[in-house]
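Peer 1: Build me a structure from this.
(2 chains, ligands or ions: 6)
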There are 2 protein chains.
Amino acid sequence: MKKEFVVIGLGRFGGSIVQELVQQDADVMAIDKQQERVDEFASIATQAVVADTTDESVLKSLGIRNFEHVIVAIGDDIQSSILTTLILKEIGVQKITVKAQNDYHEKVLRKIGADHVVHPERDMGIRIANNMMSNNVLDYLELSDEHSIMEIKANHLLEGHTIIGLDIRARYGINIVAIKREKEIIVSPQAEDVIHEGDILIVIGEDDDISRFEKKMLN
Amino acid sequence: MKKEFVVIGLGRFGGSIVQELVQQDADVMAIDKQQERVDEFASIATQAVVADTTDESVLKSLGIRNFEHVIVAIGDDIQSSILTTLILKEIGVQKITVKAQNDYHEKVLRKIGADHVVHPERDMGIRIANNMMSNNVLDYLELSDEHSIMEIKANHLLEGHTIIGLDIRARYGINIVAIKREKEIIVSPQAEDVIHEGDILIVIGEDDDISRFEKKMLN
Ligand SMILES: Nc1ncnc2c1ncn2[C@@H]1O[C@H](COP(=O)(O)OP(=O)(O)OP(=O)(O)O)[C@@H](O)[C@H]1O
Ligand SMILES: Nc1ncnc2c1ncn2[C@@H]1O[C@H](COP(=O)(O)OP(=O)(O)OP(=O)(O)O)[C@@H](O)[C@H]1O
Ligand SMILES: [Ca+2]
Ligand SMILES: [Ca+2]
Ligand SMILES: [Ca+2]
Ligand SMILES: [Ca+2]
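Peer 2: Ligands and ions are numbered 1, 2, ... in the order given. Purely as a prediction, here's the structure:
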């Protein structure tokens, strides 16, 4: 059975959720109060509906209650976002994810029962700032406050060295879990494997250790 | 030497970049044309300046040219975003990252020489849609179109099993690179290590294989 979602608010954030869910083969009902936004998604979403979701009778008549997960992606109009969330909760929707504009908005949303509150602009700002701080870290996954997996670009200083030759584990306490070389992914590389300039090393370890490695080896 | 950045536009996206950069010990000049936004960052940024960045003489007098990296986080006013980027390029800024509102905006930005163009709402929408599609995948790092590292929550079905007992590598072609258990991170777990309900398994492999594992083992 396909997963079923409702996305309310078809701005950039909500619109991109609709597209990605559909691409991953989910059923999506896309709702906005503006006709032109809905038209844009008519051929993409399973259903695209013009509706003002602050009207309880509208949400009921659309059968929203029967969907497993509703995303409220109304941004600037905080009052509509809150009222919509309140109604969704009252009609018994199981899981509600809501976009918040600020801390106050988030606080209210949590009080009225939103299951998951997201801050897309803020969270992406943090990600991008992290990427900018380190020239060689391309992307990362935070495992805990102190541990991460990071993609580090190997430069000419690493060219031709083996993993064991660089002694990365002993000297930095970090592990290379994979190497990305052009289109190939080498999982669990061996000690004798040779690193080339331009390789992307996927390393796991403590943030401080990874950053020591990044600075010492690459700059 | 500290890294030095300029952030233009102190909305949620730009503001969050300023905060994260400062937290990571960079020097940041924060600029907005609205006095109240600038006031908010007066005690956070290294310098906070009220200025309209579509005025070339203003950018020159602020010495923007000497910073290594300028971020243009002007959103709705696409014309200001483009004009600001154009001037930055002309005065010789080395690296320019710009927030785009849509594909057309991105196209123009690239033509005039923006080094990096970001779509925060769209990219976060994609991330969140991915998180919603899979109940057990908590977070992920995309390595290529087909490979990822994913955080998968172990449920009661995995409780007490060893990694070798589950035969994950042979049956699914994926590897567990780490296990997150409460505050501890176990890197490169051994074949005989026992998995517990609530553990977060950090796995690497092809998306399809990980998703097969997630479905078979956890649902
Ligand atoms: N009560 C409502 N019912 C249905 N849709 C609504 C309601 N209020 C607002 N919307 C819709 O929510 C959408 C997103 O709102 P917002 O004002 O944040 O747009 P946006 O700035 O383009 O969003 P983004 O920052 O994600 O690009 C708009 O298309 C708007 O029409
Ligand atoms: N020419 C300009 N010079 C300086 N700052 C500008 C200029 N034009 C716009 N800005 C500032 O850019 C900031 C971000 O613009 P935007 O309209 O996208 O705000 P926002 O919607 O709050 O952003 P976000 O979606 O990140 O929260 C605003 O604070 C605005 O004052
Ligand atoms: Ca907006
Ligand atoms: Ca926005
Ligand atoms: Ca961290
Ligand atoms: Ca993918």
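Peer 1: Per-residue pLDDT of the residue lying farthest from the centre of chain A, please?
Peer 2: Farthest-out residue of chain A from its mean C-alpha position, per CA atoms, centre = their mean: A:Gly165, at 36.4 Å. On the pLDDT scale, A:Gly165 is placed at 89.
Peer 1: now swap in A:Asn219 and tell me
Peer 2: 60.
Peer 1: Would you map the strands across chain A?
Peer 2: A:4-8, A:27-32, A:47-50, A:69-72, A:95-99, A:116-118, A:137-142, A:147-153, A:175-181, A:184-187, A:200-206 (DSSP state E).
Peer 1: ok, now which ones touch the residue lying closest to A:Met133 once chain neighbours are set aside?
Peer 2: Counting by CB to CB, 6 or more residues apart in numbering or on different chains, B:Gln24 is the residue found nearest to A:Met133 once chain neighbours are left out, at 5.1 Å. For glycine as for every other residue, the C-beta is placed from the backbone atoms N, C-alpha and C. Each residue near B:Gln24 by CB atoms under 8 Å, 6 or more residues apart in numbering or on different chains is listed here: A:129-130, A:133.
Peer 1: The residues you listed, buried ones only, as a PyMOL selection?
Peer 2: Buried subset of the contacts of B:Gln24, written as a PyMOL selection, criterion 16 or more other CB atoms under 10 Å in any protein chain shown:
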select buried, chain A and resi 129+130+133
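Peer 1: now, among the contacts of B:Gln24, which is nearest to B:Val38?
Peer 2: A:Ala129 (18.9 Å; CB to CB).
Peer 1: residues contacting that closest one?
Peer 2: B:16-17, B:19-21, B:24.
Peer 1: Now tabulate these in JSON lines and tack on pLDDT.
Peer 2: Shown next, in JSON lines, are the contacts of A:Ala129 (pLDDT from 0 to 100):
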{"residue": "B:Ser16", "pLDDT": "97"}
{"residue": "B:Ile17", "pLDDT": "98"}
{"residue": "B:Gln19", "pLDDT": "97"}
{"residue": "B:Glu20", "pLDDT": "95"}
{"residue": "B:Leu21", "pLDDT": "96"}
{"residue": "B:Gln24", "pLDDT": "88"}
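Peer 1: Out of these, which sit inside helices?
Peer 2: B:16-17, B:19-21 (DSSP state H).
Peer 1: Residue in chain A with the shortest distance to ligand 2?
Peer 2: A:Glu121 (4.1 Å; CB to the nearest ligand atom).
Peer 1: Test my guess that that residue contacts B:Phe13.
Peer 2: Yes: between A:Glu121 and B:Phe13 a contact is recorded at 4.1 Å, counting by CB atoms under 8 Å.
Peer 1: low pLDDT regions in chain A?
Peer 2: Counting by pLDDT under 70, chain A has low-confidence residues at A:135, A:218-219.
Peer 1: Tell me how far A:Gln24 lies from B:Val58.
Peer 2: 46 Å (CB to CB, to the nearest Å).
Peer 1: returning to what we had before: of the contacts of A:Ala129 - the most surrounded one?
Peer 2: B:Ile17 (31 neighbours; other CB atoms under 10 Å in any protein chain shown).
Peer 1: mind listing what it touches?
Peer 2: A:125-126, A:128-129, A:132, B:7, B:71, B:73.
Peer 1: Show me how the record splits chain A into domains.
Peer 2: Following the TED database, one gets these domains for chain A: A:4-118, A:135-218.
Peer 1: Can you dump the C-alpha atoms of stretch A:97-111 in PDB for me?
Peer 2: C-alpha atoms of stretch A:97-111 as PDB (Å, rounded to 0.1, in the frame of the first residue of the first chain):
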ATOM      1  CA  THR A  97       4.500  18.200  10.900                       C
ATOM      2  CA  VAL A  98       4.400  22.100  10.900                       C
ATOM      3  CA  LYS A  99       6.800  24.700   9.500                       C
ATOM      4  CA  ALA A 100       7.600  27.400  12.200                       C
ATOM      5  CA  GLN A 101       8.700  30.900  11.500                       C
ATOM      6  CA  ASN A 102      10.200  31.600  14.800                       C
ATOM      7  CA  ASP A 103      10.600  30.300  18.400                       C
ATOM      8  CA  TYR A 104       7.300  31.800  19.600                       C
ATOM      9  CA  HIS A 105       5.500  30.100  16.700                       C
ATOM     10  CA  GLU A 106       7.100  26.800  17.600                       C
ATOM     11  CA  LYS A 107       6.100  27.100  21.200                       C
ATOM     12  CA  VAL A 108       2.500  27.600  20.300                       C
ATOM     13  CA  LEU A 109       2.500  24.700  17.800                       C
ATOM     14  CA  ARG A 110       3.900  22.300  20.400                       C
ATOM     15  CA  LYS A 111       1.300  23.400  23.000                       C
END
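Peer 1: Need the contact partners of it.
Peer 2: Against stretch A:97-111 from outside (CB under 8 Å, 6+ apart): A:9, A:13-14, A:69-76, A:78, A:81-82, A:85, A:114-120, B:12, B:128, B:132.
Peer 1: Now, of these, which are buried?
Peer 2: A:9, A:13-14, A:69-75, A:78, A:81-82, A:85, A:114, A:117-120, B:12, B:128, B:132.
Peer 1: ok so, going back, will you turn the strands of chain A into CSV that also has distance to B:Lys3?
Peer 2: Formatted as CSV, the strands of chain A follow (distance: least, CB to CB, whole Å):
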stretch, distance to B:Lys3
strand A:4-8, 38
strand A:27-32, 41
strand A:47-50, 45
strand A:69-72, 36
strand A:95-99, 31
strand A:116-118, 29
strand A:137-142, 13
strand A:147-153, 17
strand A:175-181, 26
strand A:184-187, 31
strand A:200-206, 21
